[in-house]
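>>> return a 3D structure for these sequence lines:
(chains A and B)
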Amino acid sequence: MSSTREQLLRREQPPWLFAAALATTLPHVLQQPWWLSLFGGLLFAMAAWLWYEDRRLPGRWLMLLLAVAGILSILAEFRSLLGREAGVATLVLFMAMKLLEMRSHRDAMVVILLGYFLLLTHYFHSQDIPTGLWLLFAMWIVTAAQIRLHAATLSPRENLQQAASLAIQAVPFMLVLYLLFPRISGPLWGLPEDAFTGRSGLSDSMAPGSIANLVQRGDIAFRVRFDEAAPARQQLYWRGPVLESFDGQTWRPSARRGGREKIVESGPRIAYETTLEPHGQRWLLALDAPVALPAGSSTDGRLTVSATRPVESRQRHRLFAAPAYLFNDDEAAASIDENLRLPSGSNPQTRSLALDWQRQAKQPLDIVARALSHFREEAFHYTLQPPLLGRDSMDDFLFRTRRGFCEHYAAAFVVLMRNAGIPARVVTGYQGGELNPRDGYLVVRQSDAHAWAEVWIAGRGWLRVDPTAAVAPERIERGIVDALPQGEPLPAFLQVRGDWLRDLRYRWEALNNAWNQHVLGYDGQRQRDFLARFGFDADWRTLAIALSLACALVLLAVCIWALRQHSRPAPALRLWHRAQRRIGVHCAPGETPLAFVTRLRATDPALADRFEPVVRHFLLARYAPQNKTSLAALAAAVNRLPRRRIA
Amino acid sequence: MPALQALQQRLFGWRDDGLAPVRLDRRRIFILPSRSGLLFALTLVVMLLAAINYNLALGHALVFLLAGLGLVGMVHSFRNLHGLRIAPGHCRPVFAGDTAEFTLLIENDRPASRHGLVFQAEPGRSTTTAVGAREQIRVGIPVSAPQRGWLPLPRVVLSTRYPLGLFTAWSYLQPGMRCLVYPAPLFEPLPAGAPSAEGSGSAGGQEDFAGFRQRQASDSLRHVAWKASARDDASRPLLVKQFAGGSDSRLELAWSATDPALDDETRLSIMTGWVLAATAEQQSFSLRLPDRLIADGSGSAHGERCLEALALFRP
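Presented below is the predicted three-dimensional model:
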């Protein structure tokens, strides 16, 4: 069927393809290296100019040169052509180059298919609602360009309408496939190293300033839905990595393997579900103290819940917490030993202060109380912009600058405790969260990142102590915005205090959450639950049958709608054909109705007399359609005709 | 071939459509993915793998939407042909070596236009057109006419890739149309005027009108001056026109006047050239073929009659 001759593009077609190329590559400008945007932009401008001036496209050698230059630059930038970012960059380059050799239909189809593929690559960066909407728009443009290739006679408006109409008819198929297509959870093959970039979240070490930097981001870290009412804010300590090893500047997790965990619960558990945004680390954030872990996760002897693989996609977890607990009152000697260790000879002032307290105290808890009151009563400040600290950082902080963020207080507190002979360690994670009244989800952001301390007291086990609460109680009670003085560099939207603006933000976030939970979060598990609701097992066979049936039904519906809608001929014409069938004589091709009746008169004048009114009314009904009565008159005239004669 | 055709007729109810208008229904329309369609499907598979591998929920949605788009495109390609009425038109005679143009009448009674209809009767020669909503148009289908005689319209393929180019829907049209192909003209000097074989000496020449006389039984009806006769009383005998000029100047284009050494087709071509030249000069002439004689006459209708005789002549 296909003609072997290549069909060349007509003059009005390339602008549609330019639009398609632009719509699919433009958002990548935000992500890719600037030189690639510039290079692509230049190629695009060149293609558009050549089209405008109606000039010949560049020859093969120039294209080869450009391609080699582009690919070498990508190689220099990414050291590969195949990684995620490099792959996208290569596709963008191909798209821009293809515009410069767009001669035939086949070239144009390549642009269209590249465009569809490029749409997919936008989801590497974001899958939120605005991205989805933009991509619907871009897909509309690409489809319109595709239609333009096969219909030169459409007006631009009809062209866009047709594209929209086709896309809307495709939506039922998308819904059916989305619900019923068997979901396989990836990855299918090894992901390139740069598969996940631009993740923010806690890191597995803590130096002065690391959490303060994180706090300045407003990204959502995770969302929580409690089965019952949310616990009080002061209880919302979301436990992340525990840092036990200190080198004088930086806190790191211990290299020692964790021992067993013994938790004695008292009081009811809190049940909740978290939806964790990807952060590229293995730990899951759980409310203190996590009990009854979800499948596929484990703890490390320090109550940090970890998954088997880094969290690279949004994950839901069902978790339980015991708010009142006794944790490892019989801690192993190795652990106690490690949690007393300090770099020798460092922070002498801090050491002598701690030793002072130790001498005066009757029991370890007195030292803890003494330290907290020290922070509370001396002139300590809670700020995101602390001064830099010297080599003996804790001495500097405690006796000189006295300005710091949670990591400073947690670190200083732990150093004081270890000097005073109390095993202590730093716990990082998040504290608090914001309850969205629109959907009842608690939203925990990077700005809620926090560091606190744990001390081990014989017979009491590990106890949580939050020195920040002594310095800035508002931080724990109301959140970071209220705790920090005005003018601190927090994300602007967090500082919005206007009620209606806040409400708008709640609505937007609730919408996003619903999108995440129900649309993006529709995975294999949800698919099984969905089918189970209709009493089906979600094995692949059931899915395949359900999918085929549903697709066939939708296809049938589209067919009926598309084919039956207007399949009847114009009413006047239908009556005219019926009139001919009725008398058994047919109007010859090319014969006008008047000529037909003349011919009829030659053979059968009586019949011609009776046929004459049919012709008159048919001509009126067909060619003066504004006259509505003529159609009825035609129908009446046809009905008066004699039945088919027997030949 | 005949067996295949018989099978096709049994299966699909195919036949030569004759002169009746044809309505394209689902039994007459075929549809298959085009090469672009296969490429599109391949792209979707790769996209689906990428979406699964990177766990992109919206990637899945995009792939599924595009798959739906492909299916909808299939339905609409089919719809673009479905219900179209096609009736044979006419075809003007052409000379051998030219291109005959068969006219088909295409009627779209749907209140939506149809685009990208490609008519093709010969490889490499297609006509692309569109029909507006509730509109009837004529489409000329070019067919090369290499030989004189009747040229039947070969099977016409009506195909479309509209709207997305992913599927090709097509239908075979076989209207019983034929086109008369005159021999290719070869222009050589007209033969010298020869005495008419039919000529009674009394018949005047035809160049200059000289008056009327009463018709005699031997006069050809062709020479009756109908208008002049009708002007007067009906009971009068018919009048014939009389022309001045010698009877020896009457032009006869005879097969025998061409060089017998030439092959038949060349001789016919020469005669065609003569007919054209004589018609162009508005000369009166008769045509004599071995098996047929066309009496004296002039004008384009006479010329066409002679050309038809030449086209259909069997030596």
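>>> excluding its backbone neighbours, what's nearest the residue of chain B found nearest chain A?
Nearest residue of chain B to chain A (C-beta to the nearest C-beta) works out as B:Gly68 at 2.8 Å. C-betas here are computed from N, CA, C, even on glycine. Closest residue to B:Gly68 apart from its sequence neighbours, by C-beta to C-beta, 6 or more residues apart in numbering or on different chains: A:Phe173 at 2.8 Å.
>>> now do the domain split for the chain, please.
Just going to use chain A. Domain assignment for chain A by automatic domain parsing gives A:14-153, A:210-495, A:571-639.
>>> actually chain B
Split by automatic domain parsing, chain B gives B:9-181, B:183-200+B:251-315, B:208-244.
>>> could you give me the average pLDDT of the shortest one?
Just to be clear, that refers to domain B:208-244. The average pLDDT within domain B:208-244 is 60.
>>> ditto for stretch B:113-123
Stretch B:113-123 carries an average pLDDT of 89.
>>> count of neighbours near residue 292?
Going with chain A. A:Ala292 has 11 neighbours, counted by other C-beta atoms under 10 Å in any protein chain shown.
>>> can you look at chain B instead?
12.
>>> got a list of what it touches?
By C-beta atoms under 8 Å, 6 or more residues apart in numbering or on different chains, B:Arg292 lies in contact with B:309, B:313.
>>> so what pairs up with it in the strands?
Per DSSP bridges, the residues bridged to B:Arg292 are B:Leu289.
>>> quick one: the residue in the stretch 251-400 of chain A positioned nearest to chain B and A:Trp134, what's the gap?
At 4.6 Å from chain B, A:Ser313 is the closest residue in the stretch 251-400 of chain A, using C-beta to the nearest C-beta. Remark: distance between A:Ser313 and A:Trp134 (C-beta to C-beta, to the nearest Å) = 21 Å.
>>> what's the answer for A:Pro348, then?
A:Pro348 sits 60 Å away from A:Trp134, going by C-beta to C-beta.
>>> neighbour count winner among the two?
A:Trp134 (16 against 11).
>>> the strands in the stretch 201-350 of chain A, which residues?
Counting by DSSP state E, counting those that start in this stretch, the segments of the stretch 201-350 of chain A that form strands are A:220-226, A:237-243, A:245-246, A:251-252, A:263-265, A:270-276, A:283-284, A:286-287, A:290-291, A:297-299, A:305-307, A:315-321, A:325-327.
>>> elements contacting the fourth one?
Right, strand A:251-252. Of the remaining helices and strands, those touching strand A:251-252 by 3 or more C-beta pairs under 8 Å, 6 or more residues apart in numbering or on different chains; DSSP states H and E are strand A:245-246.
>>> each with direction, which strands does the strand it packs on pair with?
Strand A:245-246 pairs in its sheet with strand A:251-252 (antiparallel), by DSSP bridges.
>>> ok, residues contacting the strand it pairs with?
Applying C-beta under 8 Å, 6+ apart, the contact partners of strand A:251-252 are A:204-207, A:243-246, A:411, A:426.
>>> now, of those residues, which are buried?
For the contacts of strand A:251-252, a neighbour count by 16 or more other C-beta atoms under 10 Å in any protein chain shown gives the buried set as A:205-207, A:243-246, A:411, A:426.
>>> let me know the closest of those residues to chain B.
Comparing these against chain B with C-beta to the nearest C-beta places A:Ser205 closest, at 28.0 Å.
>>> which one is that closest one nearest to, not counting chain neighbours?
A:Arg252 (4.9 Å).
>>> burial count for the closest residue to chain B within chain A?
For chain A and chain B, the shortest gap (C-beta to the nearest C-beta) falls at A:Phe173, measuring 2.8 Å. Using other C-beta under 10 Å, A:Phe173 has 23 neighbouring residues.
>>> contacts only, for it.
By C-beta under 8 Å, 6+ apart, A:Phe173 lies in contact with A:551, A:554-555, B:64-65, B:67-68, B:71-72.
>>> between the residues you listed, identify the one with the most neighbours.
B:Val72 (27 neighbours).
>>> assign it to helix, strand or coil.
Recorded secondary structure, B:Val72: helix (DSSP: H, G, I helix; E, B strand; the rest coil).
>>> does it really touch A:Cys559, like I thought?
No - counting by C-beta atoms under 8 Å, B:Val72 sits too far from A:Cys559 to count as a contact (10.0 Å).
>>> just the domains of chain B: most buried one?
Ranked by mean neighbour count under mean count of other C-beta atoms under 10 Å in any protein chain shown, these are led by domain B:9-181, which reaches a mean of 19.
>>> if we can go back for a sec, dump the domains of chain A into JSON lines; add distance to B:Met177 as well.
Below are the domains of chain A laid out as JSON lines (distance: least, C-beta to C-beta, whole Å):
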{"stretch": "domain A:14-153", "distance to B:Met177": "26"}
{"stretch": "domain A:210-495", "distance to B:Met177": "65"}
{"stretch": "domain A:571-639", "distance to B:Met177": "9"}
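>>> mean pLDDT for these - can I get that in JSON lines?
Converted to JSON lines, these look like this (pLDDT from 0 to 100):
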{"stretch": "domain A:14-153", "mean pLDDT": "89"}
{"stretch": "domain A:210-495", "mean pLDDT": "86"}
{"stretch": "domain A:571-639", "mean pLDDT": "82"}
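>>> pretty sure A:Arg460 is touching A:Asp329, no?
Yes - with contact defined as C-beta under 8 Å, A:Arg460 counts as touching A:Asp329 (6.4 Å).
>>> where do the helices sit along the stretch 301-450 of chain A?
Using DSSP state H, counting those that start in this stretch, the helices of the stretch 301-450 of chain A run over A:333-338, A:348-360, A:364-377, A:393-396, A:406-419.
>>> in CSV: those, plus distance to B:Arg125.
Conversion of the helices of the stretch 301-450 of chain A to CSV gives the following (distance: least, C-beta to C-beta, whole Å):
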stretch, distance to B:Arg125
helix A:333-338, 88
helix A:348-360, 95
helix A:364-377, 92
helix A:393-396, 87
helix A:406-419, 80
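>>> among those helices, which is the most enclosed?
Of all those, helix A:406-419 has the most neighbours on average by mean count of other C-beta under 10 Å, namely a mean of 27.
>>> for stretch A:333-353, list the C-alpha coordinates in CSV.
Extracted in CSV, the C-alpha atoms of stretch A:333-353 (Å, rounded to 0.1, in the frame of the first residue of the first chain):
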residue,chain,number,x,y,z
ALA,A,333,29.1,-3.0,77.3
ALA,A,334,30.5,-2.3,73.8
SER,A,335,27.7,0.1,73.1
ILE,A,336,28.1,1.9,76.4
ASP,A,337,31.8,2.1,75.9
GLU,A,338,31.4,3.7,72.5
ASN,A,339,28.9,6.2,73.6
LEU,A,340,31.4,7.5,76.2
ARG,A,341,34.2,7.9,73.8
LEU,A,342,35.5,11.4,72.8
PRO,A,343,38.6,12.6,70.9
SER,A,344,41.3,12.9,73.5
GLY,A,345,42.4,16.3,74.6
SER,A,346,39.7,18.2,72.7
ASN,A,347,37.4,20.8,74.2
PRO,A,348,39.1,21.1,77.6
GLN,A,349,36.8,23.8,78.9
THR,A,350,33.7,21.7,78.2
ARG,A,351,35.4,18.8,79.9
SER,A,352,36.1,20.7,83.1
LEU,A,353,32.5,22.1,83.2
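>>> if anything else comes up later, I'll come back, but that's it for now.
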